[in-house]
Structures are given as structure tokens and as C-alpha cells.
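K.L.:
Fold the following for me, if possible:
(2 chains)
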Amino acid sequence: MITAGFDIGTRAFKICLVEDTRLMAGVCRLADRNLEQSIRHAYKQLLEDQGIHKRHVKKVIATGYGADLVDIAAYELSEPACLARAAYQLDRELDTLIDIGALFIRIVKIDENGYLEDSDVNEPCAAGSGKFLELAAEALAVPFEDISAIAARSLTPYTITSTCAVFAESEIISQINAGVSCEDILAGVLDALVFKVQALLGKTGAIGSKLALTGGVANVPGVRVKLAAVLGKDVIALPLDPQLVPAYGAALLAQGPLRRRFSGETDVSRATPA
Amino acid sequence: MVVGIDIGSLTAKAVIMERNKICSSHIMRARPRPIDSAAAVLREVLNAAGARASDIEACCATGYGRLEIPIATMNMSEISCHAKGAFWNNGSIRTVIDIGGQDCKVIGLDGRGLVHDFIMNDKCAAGTGRSLEILAKAIGVDLEDLGPLSMKSRRPAVITNKCSIFMEMEVLQHLYRRVKIKDIAAGINLSVAKRVVALTKMVSFGTPVCLTGGVSKNEGVRKGMENLLGITFQPLTCDPQIMGALGAAVFAQESLA
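P.N.:
The predicted structure is shown next:
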């Protein structure tokens, strides 16, 4: 059975096509003013590339901030539910997912049976989010994909004192003018981001043993390395574009309730809590 | 002749006073270095007054860059200067609300014009000029037009987030859903008004009240705050944005007496 998952984020939208549990194809595009039209267009393109007719897609589930914009979706599910489902599929040992998107930072805890246990989000403050990293990179005129490489060269990271992402941007500009090097500032930006994630992790109780980083910020390897060092835990990279994980989870959930083996004798099926 | 200089995060202001009267004042965009801003704004204000640098007997600096101005003979905090300037303007004022580019403060005054209570937000951009600037940019409106535009709105857009960056996203969502620009502008102004009003609840708040700082020129924020607080702001005899520099000039004048 083929199903589709839509994840409409604040900065980008992602669509995944799944057959049983296999990811057939996924797409990630930046959101623009004609969001609804762009989503429809990207979906059509994705189906065409795979040579599938839209009636072959049996069920569509949407998630993300703009989930209500997907009119073909059967229903909407929360991001933590989708993340937990995808994590269970990708690596059964994962117990914590850290999803850093453009604005939201989510901590998703998964219990030993792969169910969503707990989740937390950074609202109402954008400090430490992808937008913060983007503002910093823009202020320094550094391409987003070069952030880690440049930050890795720093020997004396600059400590950012502003908590607010908006003020941190001004602080960065004044530090450039004061002659602080680009790599020291970027290393400081990554430190600030990791510090924020660490604080959020602390709020959700005990930190698990195997963590994974997803969302757009996971494309910056420096974040994962620093996070692993600060937490002293394994933070793995998933075998999938980290931005596609929630959409993949949504498509998996559209496949129907998961049959999980608990005792080895009886199959128990239960819907993943939303 | 004395001068007060206020180097803020976005603008630099200067006021020249002689015998307790304002001779000239000037507002300009701040340069990256406070020392350059101070030199430029001083030159302009001297030109406007037709005076020379040697005529200045005392110079008081205020604002976040106040410690880096070599020509200043003294410096005072923004809190003291705003209180001083407002009290000099109107001796009945008991509360000064200042909304600047990067912070906002509520200052309580006693009957002698002395600061007896204040609260300041400089940790979060919400409720400051920066927030307005970001949101105006998001809807493609000039900062100066945000006030007049919002006054035309009958149904302000609802903006629930507190963080400026989250608000930017919310504003973009309104744009996607084809909400009228004037209604979004009104929503933006109201959201800033709400944040500042929340701050006033945390200090002893006496009336009459005056509103100072660059954002006070935005009618939408001003009217929004008046409605939320159920008061009308005291009119001021000078530009509300120069209040800090004016207070500094009054301090410089007092230092000579």
C-alpha cells in the first residue's frame, strides 16, 4: 500500500511517499507566498517522477504548523507522534529525538515499545532555533552549509551574552565591528544553540542513552558533534535526510496501526497516541 | 550653553539648551561605533543652533553608548534622563513609559521628579522598536507608515505569539491567508502595545503618564496602549524621541549651577 506524509513547516514543507515501510521518495521545498499551490505542485511532481497516479495513494496524513493547508489529508497528527513513529522504524534503540526546525525545537521521548512517551517544545522563544542560526550566518555572510567547517576552526569561541535571537544578531554585528573573528563568533553561536537544547532536554527529565538529531539544523554536522560532546551521549545521524523525518513518520502512520510484538507470543496492536 | 547626547541602539539624539530653554535638537541613525555617532550628532546640533563646540560648557551623555564618548563631561543612566526630561516638560507626570529601539522601560516618579521605581525589558525584543522593525519589514511596509496604516483598520489581525521571530511567522501566515495589510499592521501595533502594558503591571503605576522614545510616534501603538490602560497620555511640548537627550542636557545644566 502506498501512503503519503506531508509536513508543512514554518520555513520549508516536506512530502514523503511510502510503500509499506519503505521510503519511495521524498521532497523538501522552501515555503513561499503561494504555499498551498506550491504544495500541490510539489506533490504532483513527486507522483509523476515515481510514475504513480494519485488514486494509488491510499491515505495521506499531514503534520506541522501548516498541516491544515493540506486539503487532501485524511487528518492531521502532531509532529511528536510522527517523529516517534519514524524513529521506531529507523532505529529501535532510539529513546530521544531532538528536532530543530526553523522556529521550533522539539524534544521527543520514546518509550521502550516505541510509543511516544513525552515531548516538549521551545515556545514562546526562538532563541537557539534554526532561524537564529540563519540570522547569525546571514550577519556573518557565511553560507548555511559552511557553518560547521568554519566554526570547527575556532580555538577561542566567543560567548554570546544575549538570550534573545533578535538581540544576538545585533550583538554579532557589533562583535564583527569590534574585530572578533568569524569562526569564533560562529563557534559561539553553535555553543548558544547547544546550550538552549540542553536546557530544554533538562526540562523533560532524564536524558536517554541514544539520541538522534532531526530537522533542518541537523544538516549542520557541528551541532550534532557539539551536542554529543556536551551531553556525553551518542547522538546519531539517521539514514535519511533529517528534514524528511516527520513527513516519513506521517506516511508510516498512514499505513495504519503498527503491529508490535511485546511478549513474543501475542501481537498487540494499538494506535500511536497523537 | 549645555548639550545632552543620547546614543541609543538605533538612533543618536542631541539637545542643546541655554538658560533652561531648548535651542536645537537633532535625531539621526546611529553609526556602528558610539564615538562616531556622538561626533556626528553633535556637529549637526551645533550647526542647527549656530554655535561652536567651544560654546559648550557641559556635556552629559546617556544611552547604551554613554561610556564611550570622550567629549562628555558626565554621564547618567537612560532611566534618570528620561525621568528628568519628562519632569522638566511637565511637572505633574508620575510615570514615564519609554519604548526605544532595543528596550522598553516604565519609570515611576515621585512629586519631586525623582525615580522611585522602574522596570526595564532589555532581554527580549518583544515590545521594543526592533520588533516593530522586523514585522514591518515582513509585510513590506516602512516603519514610519506602520502607525498611519494601522489607524485605517477596523478588524486588527490576531497575533498571539510573544517572541518577535514567532510573530514574524504568524504575520507571514496572515499574508498567506490574504489578510489586509492594514489589519496586519494594526495587529502588529497592538501586540507591541500589549507587551509594554504587561510591563506596566509590574511597577507602581501613577498618573498622569507620558510616552517617550521613537515608538511613541506610532499612533497605532499609542492608541492601543491608551485603550488597554484606560488613560490618555500627557501631551509633550517637544519631540518624545529626544526626551533622554533633553534630560541629559538638564543634568548638564544642573551640574553648572
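
K.L.:
wait, what's in contact with residue 233?
P.N.:
Defaulting to chain A. Neighbour list for residue A:233: A:207, A:208, A:209, A:210, A:211 [criterion: C-beta atoms under 8 Å, 6 or more residues apart in numbering or on different chains]. (Each C-beta comes from the backbone N, C-alpha and C, glycine too.)

K.L.:
nope, chain B
P.N.:
Per C-beta under 8 Å, 6+ apart, neighbours of residue B:233: B:208, B:209, B:210, B:211, B:216, B:222, B:225, B:226.

K.L.:
so how many other residues sit close to residue A:236?
P.N.:
16 (other C-beta atoms under 10 Å in any protein chain shown).

K.L.:
for it, which residues make a bridge with it?
P.N.:
Using DSSP bridges, the bridge partners assigned to residue A:236 are residue A:212.

K.L.:
Identify each buried residue in the helix or strand that residue A:199 is a member of, please.
P.N.:
Assigned by DSSP states H and E, residue A:199 belongs to helix A:182-203. For helix A:182-203, a neighbour-count test (16 or more other C-beta atoms under 10 Å in any protein chain shown) marks A:182-198, A:200-201 as buried.

K.L.:
next one: stretch B:213-223
P.N.:
B:213, B:214, B:215, B:216, B:217, B:218, B:220, B:221, B:222, B:223.

K.L.:
Same check on stretch A:53-70?
P.N.:
A:57, A:59, A:60, A:61, A:62, A:63, A:64, A:65, A:66, A:67, A:69, A:70.

K.L.:
which residues touch the most centrally placed residue in chain B?
P.N.:
Nearest to the mean C-alpha position of chain B, counting by C-alpha atoms, centre = their mean, stands residue B:213 at 1.2 Å. Residue B:213 is in contact with B:98, B:99, B:100, B:104, B:129, B:240, B:241, B:243, counting by C-beta under 8 Å, 6+ apart.

K.L.:
Verify the contact between the second one and residue B:195 for me.
P.N.:
No. In terms of C-beta atoms under 8 Å, residue B:99 does not count as a neighbour of residue B:195; the distance is 9.5 Å.

K.L.:
More neighbours: which of the two?
P.N.:
Neighbour totals were compared for residue B:99 and residue B:195, and residue B:99 leads with 31 against 20 (other C-beta under 10 Å).

K.L.:
Give me the secondary structure label for the nearest residue to that one once chain neighbours are set aside.
P.N.:
Residue nearest to residue B:99 in three dimensions, not counting chain neighbours: residue B:215, with 3.7 Å by C-beta to C-beta, 6 or more residues apart in numbering or on different chains. Look at residue B:215: counting by DSSP: H, G, I helix; E, B strand; the rest coil, its state is helix.

K.L.:
all strands of the stretch 101-250 of chain A, in order?
P.N.:
A:105-110, A:116-121, A:210-214, A:234-236 (DSSP state E, counting those that start in this stretch).

K.L.:
if we can go back for a sec, just the buried members of the contacts of residue A:233?
P.N.:
By 16+ other C-beta under 10 Å, those give A:207, A:208, A:210, A:211 as buried.

K.L.:
quick one: the first one and residue A:96 touch, right?
P.N.:
The reference is to residue A:207. Yes. Between residue A:207 and residue A:96 there is a contact under C-beta under 8 Å: 6.6 Å.

K.L.:
Quick check: residues of chain B near chain A?
P.N.:
Contact residues (C-beta under 8 Å from any C-beta of the partner chain) of chain B with chain A: B:9, B:32-33, B:102, B:123-125, B:130-131, B:134, B:161-166, B:169, B:173, B:175-176.

K.L.:
And those, which of them are buried?
P.N.:
B:9, B:102, B:124-125, B:130-131, B:134, B:161-166, B:169, B:173, B:175-176.

K.L.:
ok so, going back, show me what the helix holding residue A:199 is packed up against.
P.N.:
Here helix A:182-203 touches strand A:96-100, strand A:105-110, helix A:130-139, helix A:147-151, helix A:165-177, helix A:221-231, going by 3 or more C-beta pairs under 8 Å, 6 or more residues apart in numbering or on different chains; DSSP states H and E.
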